[in-house]
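Enquirer: Show me how the following folds:
(one chain, ligands or ions: 2)
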Amino acid sequence: MDRDGCLTEELGYVNHVSRIRLLPRTAEAVRRLNRAGVPAVMVTNQAGIAKGYFSEDVLNAVNAEMVRQLGDQDARLDGLYVCTHHPEEGEPPYRADCDCRKPRPGLLLRAASDLGLDLGASVMVGDKISDIGVAHAVGAAGVLVLTGYGRGEWEHRRHQWPLKPDHIAEDLLDAVEWALARTGR
Ligand SMILES: [Mg+2]
Ligand SMILES: [Zn+2]
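Expert: Ligands and ions are numbered 1, 2, ... in the order given. This next block holds a predicted model:
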């Protein structure tokens, strides 16, 4: 699962803990995965680090606050993976032509290796077409949510998409229900 616009509200750069907000049905979606025994993993591009808009300490505090808000609603992420790079902006080591900035597959490959995931049986959910690109890059299914940038992507840009999502979902909970039904869980 993508973070901004999928797990949480898309508010631009989240450069302070006060700016992280779960979307209304996120905790329920993650709880469903937890109860079904399906690993729930976040994969996010945070180029604001490379661009110098916020530090890794702020990023970690923001993610910790998100995890805390989820925990308050009995929902747990099994892994959090972040790309802090940008190919052209900022300074090394963050200015890097990395293998992990979505739609490149590095974050998903790391998660799969750490958690023993079968990517071919996995579902990537996000609000941008690059989230679908990374899904297909590893043989996973890709679900576009209509939260965050998703609705605009769907309504105004889908004729330009280089690829097609496997499913369009109203939000993360809808996406999770689709994913669980697909695997019969
Ligand atoms: Mg997003
Ligand atoms: Zn990266």
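Enquirer: Now for this structure: which helix has the highest residue count?
Expert: helix 56-72 (DSSP state H).
Enquirer: In that one, which residues are buried?
Expert: Within helix 56-72, the residues scored as buried using 16 or more other CB atoms under 10 Å are Val58, Leu59, Val62, Asn63, Glu65, Met66, Val67, Gln69, Leu70. Quick note: C-beta positions are derived from backbone N, CA and C, even for glycine.
Enquirer: what's the residue in the chain positioned nearest to ligand 1 in contact with, if anything?
Expert: Nearest residue of the chain to ligand 1: Gly5, at 3.6 Å (CB to the ion). Contacts for Gly5 (CB atoms under 8 Å, 6 or more residues apart in numbering) come out as Gly126, Asp127, Lys128, Val145, Thr147, Gly148, Tyr149, Gly150.
Enquirer: of all the buried residues of helix 56-72, which comes closest to Pro24?
Expert: Closest approach to Pro24 among the buried residues of helix 56-72 (CB to CB): Gln69, at 12.1 Å.
Enquirer: that older thread, so who does the closest residue to the residue of the chain closest to ligand 1 other than its chain neighbours touch?
Expert: Once flanking residues are discounted, Gly5 sits nearest to Gly148: 1.8 Å by CB to CB, 6 or more residues apart in numbering. By CB under 8 Å, 6+ apart, the contact list for Gly148 reads Asp4, Gly5, Cys6, Glu9, Glu10, Asp127, Lys128.
Enquirer: Count residues in the vicinity of the residue nearest to Gly139 when sequence neighbours are not counted, would you?
Expert: In this structure, Gly139 finds its nearest non-sequential neighbour in Gly120, 4.4 Å apart by CB to CB, 6+ apart. Using other CB atoms under 10 Å, Gly120 is surrounded by 10 other residues.
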